[in-house]
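Peer 1: Give me a model of this one.
(chains A and B)
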Amino acid sequence: MRDSANQESGGSSATAVRPTSEYALRVSGLSKTFGATRALQDVSLDIRGGEIHALMGQNGSGKSTVIKVLAAYHQPDSEPTAAAELDGESFNIGHHVPDGLRFVHQDLGLVLELSAQDNLALHGGFATGFGGRVLWREQERETRRLLERFAVDIDIHQPLAVATPVERTVVAIAAALQGWHGGSGLLVLDEPTAVLPHDEVERLFAVVEEVRKAGTAVLYVSHRMDEIFQLADRVTILRGGKLVATKDIAEIDPRGLAGLMVGEDVDPDYRAAHAAASPDAPVVLETRDIAGKWLRGVNLKVFKGEILGIAGLAGAGVLELPYVITGHAPRGDRVTGALRLPMDGDEWHDVTELEDLNIPLVPADRQREGVIYEFAVSENLSLSILGRLGRKGKLGLREEQQAVEEWSRRLEIKTESPGALISTLSGGNQQKVVVARCLVSEPDILVLCEPTAGVDIGTRVAIYDLIARLSEEGLTVIVSSSDEGDLLAMCTRIVVLRNGVVAEELDGHGLSQQALVSAIEGGN
Amino acid sequence: MATTRSTSGDALAHPSQSASPDRPPTSKRIASAMAVDKVGAVYVWLAIIVVFSIWVPETFPTADTAKQILNSNAITGLAALAITIPLAARVFDLSFAFIMTLTGVVVAKLVIGDMPLVLAVLIGCGVGLAIGLINAGVVVVAKIDSFIGTLATGSLIQALITMVTDDTPISDAKLSGGFSDIGQTTIGGITLPVFYVAFVAIAIWYLLEHTATGRRLYATGFNPDASRLAGVQVDKLRFLSLVTSGGLAGAAGIVLASTLGSGSPTAGSPYLLPAFAAVFLGATQLKNGRFNSGGTMIAVLLLGTGTTGLALAAAPQWSQAMFVGIVLLAALAVTGLQRRTAVASRGSGVHGAGVSGTDQPGVSTSTSLTDED
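Peer 2: Residues are numbered from 1 along each chain as shown, chains lettered A, B, ... in the order given. I've put the predicted structure just below:
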């Protein structure tokens, strides 16, 4: 947790620039209605000059709407009238964005095919000479000057696609701050760490501190609670479109913050109730020398009825392993190794030929790899078992309906009707449909990759409970996640990958936050 | 044509979309099947019929005109149906028009060469399937984008046709024998191709609505990654869809050559745009966004009625092409608008906007709070 030394000085460093006014941004009476939905109701926001101010709330709490109104992407309701001022000067919020208000949106707004230099120029303009000719040398100098402050060492002529995620984020921040000299103003960072691997988050924090040192306040939107306590000075919590509280970070703890976000006391140290697999449980899945883009020879034994966690840093192969062992390695990647299911026979299957084994995967990216948005809930759910519905080639709609109803009930999927489009469901319920699609084929083993990505706390707990219940019914579960909280809450055993191989294994009393983090980071 | 059949077929498919195992009452099903947002084109079609009946009362509202509309649009219908299956899987087959030309020319040559008619027709269909296989190889195996890949194979086919025919139509007295019966025989004033269209439309409707393959084709078209992860053999379906369209286009080409009584080296090309227009317009009908045979048939009738009416009214030449363009733009704009309104009323487009290229929550997660609470 950070000491709040900046409370009095507006910056923790001796060389820090003092902000010119007490408040960087003040907004009051902000309301926004979409049709029948009241996205924001009378929200106010006070951000002090030069502070790092976190904005938190569950999905649907109105965080994104606040950002989008600030960026004048949405206009606030005219009744009641919202008032806003930046550095003491009032502005017409939702219609005008003052120069001192800068944004880095979640998708960063970069063109990955272009270089850092071109991307910065797209935001700030090219240095041009006579006839619109670009002065490349001058442009290059300007680019280096902009990136210098943040101490990133990248080739400014390479396409950003080859840069690491954190380098891209830094380029986006530099692009947003172009032409701004510090001392006042506000930089809005919308979920900047959502796509960053754990080990790169620290580098981003250094950059955020750098911005603050220049006297610019930062509004920091994030899902990750640990970050807030490490980085922020104050936090504003929204719930259901209303302001819940604004607090100094020093006067609140994670449990209290989670409580404010969810509206009831939620335990961040939640553990799903489950019994560890019995020590003499048979092996249901065994892998031999699995290698691929990141993996360098993984040997695993998975026991019946356990919930096995796969942990590790990005680049350790944590996100690759679930795809490889279900036969869904990215096309074009060379993967080797073998796998067998001892309960079904002793034969080893090459990992490129796993189509006939029923090992379903709940993929990491629900939007891209999970949900078919044009399909109804029922069509999404039954996709994996179409072949066995009906006979003589005719699709058995009645059988489909029975299967859909049964699984909707078992997983408590909240939907108007099975025929409703899946896009009308909440994110958590969409995720349940994807899980149901995997379970409806009645597998012995289920593999999940990042099962709680972008899911709020309430739904998270529902997913933990669901997985615990399934494992009690005899299902073996393999969960791969970059979120230690997920793994600790669900798993009976955790395997830690480092550099593409199994480095450590934790179970029983070894399952603690501290042990897990130090195993992941690889130091003792 | 198969319009009424396919419409009722859509109603039959409804139990899959209703909440309870009991079918909703028939009256309700009919009402929902006739809703403007599902069959808007049918109302436009009826309006067009009324307009032309007033505009040219002596020639338009007659049985002869109705038959003429059916007969003269049968080939367009066959061509449009040929590309419905690949499009359901989001695969373009731009070569279909050239396949039509090729098989027409090949079969005409074979018939003139005294080959038995049945054998010649079978070989013609085989040529279509073979080109379909080549397309599938180019698109699925060599992984070339289907739009460009089939544009290229289409161009190659045209080159082959021109090479073989020297750009002159193949005609001979032998073509007016049994060969011309394929396309020119009439039953009660309606030519055989109309019946072929009805048959193919029903077959495709059954495939897409009532088989696992049909459902998987749509899944492949909407989200290939998710489909693959759910165990759908995406590549195999794309491959087969192109082979099917090749075969159907081949058959359509033979029917066309028979109708024309010759093997013209440019016979197929005029069908390229009308067929795509009909299929895309059809996708806005009945199944909202899904390419389907019933919608395609409605679209062919709508466009055919309009152009025939304009011809009868002695409207200027350019008016027919203009009509097709306006109908297409209007239909797609209206459906686009409907979809946007639907999204906005859910409020999900709002929070989801701007989220892209990340693993993070996205469209419609915003509703979660209200739901979970």
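Peer 1: C-alpha from now on. contacts and neighbour counts both.
Peer 2: Noted.
Peer 1: Let's see stretch B:315-333 as PDB, backbone CA atoms only.
Peer 2: Output in PDB follows, covering the C-alpha atoms of stretch B:315-333 (Å, rounded to 0.1, in the frame of the first residue of the first chain):
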ATOM      1  CA  ALA B 315     -40.400   2.900 -68.900                       C
ATOM      2  CA  PRO B 316     -37.000   3.900 -70.100                       C
ATOM      3  CA  GLN B 317     -34.200   1.200 -70.200                       C
ATOM      4  CA  TRP B 318     -32.300   2.600 -67.300                       C
ATOM      5  CA  SER B 319     -35.200   2.400 -64.900                       C
ATOM      6  CA  GLN B 320     -34.800  -1.400 -64.300                       C
ATOM      7  CA  ALA B 321     -31.300  -1.200 -63.100                       C
ATOM      8  CA  MET B 322     -32.200   1.800 -61.000                       C
ATOM      9  CA  PHE B 323     -35.100  -0.100 -59.400                       C
ATOM     10  CA  VAL B 324     -32.800  -2.900 -58.400                       C
ATOM     11  CA  GLY B 325     -30.300  -0.500 -56.900                       C
ATOM     12  CA  ILE B 326     -32.900   1.400 -54.900                       C
ATOM     13  CA  VAL B 327     -34.600  -1.700 -53.500                       C
ATOM     14  CA  LEU B 328     -31.300  -3.100 -52.400                       C
ATOM     15  CA  LEU B 329     -30.200   0.000 -50.600                       C
ATOM     16  CA  ALA B 330     -33.600   0.600 -49.000                       C
ATOM     17  CA  ALA B 331     -33.900  -3.000 -47.800                       C
ATOM     18  CA  LEU B 332     -30.400  -3.000 -46.200                       C
ATOM     19  CA  ALA B 333     -30.800   0.500 -44.800                       C
END
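Peer 1: May I ask which helix or strand of chain B has the lowest mean pLDDT?
Peer 2: Taking mean pLDDT, DSSP states H and E as the measure, chain B has helix B:368-372 as its least confident helix or strand, at a mean of 29.
Peer 1: and chain A, what are its domains?
Peer 2: By the record's domain assignment, chain A is partitioned as A:6-100+A:180-262, A:283-359+A:443-521 (automatic domain parsing).
Peer 1: ranking the ones you listed by mean pLDDT, which is last?
Peer 2: Here the lowest mean pLDDT among those goes to domain A:6-100+A:180-262, at a mean of 81.
Peer 1: Count residues in the vicinity of the closest residue in space to residue B:317 that isn't next to it in sequence, would you?
Peer 2: In space, and not counting its chain neighbours, residue B:317 is closest to residue B:311: 7.9 Å by CA to CA, 6 or more residues apart in numbering or on different chains. Residue B:311 has 14 neighbouring residues, counting by other CA atoms under 10 Å in any protein chain shown.
Peer 1: List the contacts of the residue in the stretch 101-250 of chain B that chain A sits nearest to.
Peer 2: Residue nearest to chain A within the stretch 101-250 of chain B (CA to the nearest CA): residue B:226, separated by 4.1 Å. Applying CA atoms under 8 Å, 6 or more residues apart in numbering or on different chains, one finds that residue B:226 lies in contact with A:368, A:369, A:370, A:371, A:372.
Peer 1: which of those come close to chain B?
Peer 2: With the criterion set as CA under 8 Å from any CA of the partner chain, the members of those near chain B are A:368, A:369, A:370, A:371, A:372.
Peer 1: and the residue in the stretch 101-250 of chain A that chain B sits nearest to, what pLDDT?
Peer 2: Residue nearest to chain B within the stretch 101-250 of chain A: residue A:107 (5.8 Å; CA to the nearest CA). Note on residue A:107: pLDDT of 73.
Peer 1: That one: what secondary structure?
Peer 2: Of the three states, residue A:107 takes coil under DSSP: H, G, I helix; E, B strand; the rest coil.
Peer 1: tally of neighbours for it?
Peer 2: Neighbours of residue A:107 using other CA under 10 Å come to 19.
Peer 1: and it, how far is that from residue A:221?
Peer 2: Going from residue A:107 to residue A:221 by CA to CA, to the nearest Å gives 13 Å.
Peer 1: what do you get for residue B:138?
Peer 2: 47 Å.
Peer 1: Show me which of the two is the more surrounded one.
Peer 2: Between residue B:138 and residue A:221, counting by other CA under 10 Å, residue A:221 is the more crowded of the two (24 against 20).
Peer 1: can you pull the contacts of that one?
Peer 2: Applying CA under 8 Å, 6+ apart, the residues near residue A:221 are A:54, A:55, A:56, A:63, A:188, A:189, A:190, A:191, A:192.
Peer 1: switch the cut-off to 6 Å
Peer 2: By CA atoms under 6 Å, 6 or more residues apart in numbering or on different chains, the contact set of residue A:221 is A:54, A:55, A:190, A:191.
Peer 1: Check those against residue A:253 and report the nearest one.
Peer 2: Taking CA to CA as the measure, residue A:54 is the one of those closest to residue A:253, at 14.1 Å.
Peer 1: Who are the contact partners of residue B:31?
Peer 2: No residues are in contact with residue B:31 under the rule CA under 6 Å, 6+ apart.
Peer 1: So it, which state does it fall into?
Peer 2: helix.
Peer 1: Distance-wise, check it relative to chain A.
Peer 2: Distance, residue B:31 to chain A, by CA to the nearest CA, to the nearest Å: 17 Å.
Peer 1: centre of the chain versus stretch A:444-454, how much separation?
Peer 2: Centroid displacement of stretch A:444-454 relative to its chain, using CA atoms, centre = their mean, to the nearest Å, is 14 Å.
Peer 1: List the buried residues in that stretch.
Peer 2: A:444, A:445, A:446, A:447, A:448, A:449, A:450, A:451, A:452, A:453, A:454 (16 or more other CA atoms under 10 Å in any protein chain shown).
Peer 1: try stretch A:357-370
Peer 2: A:358-370.
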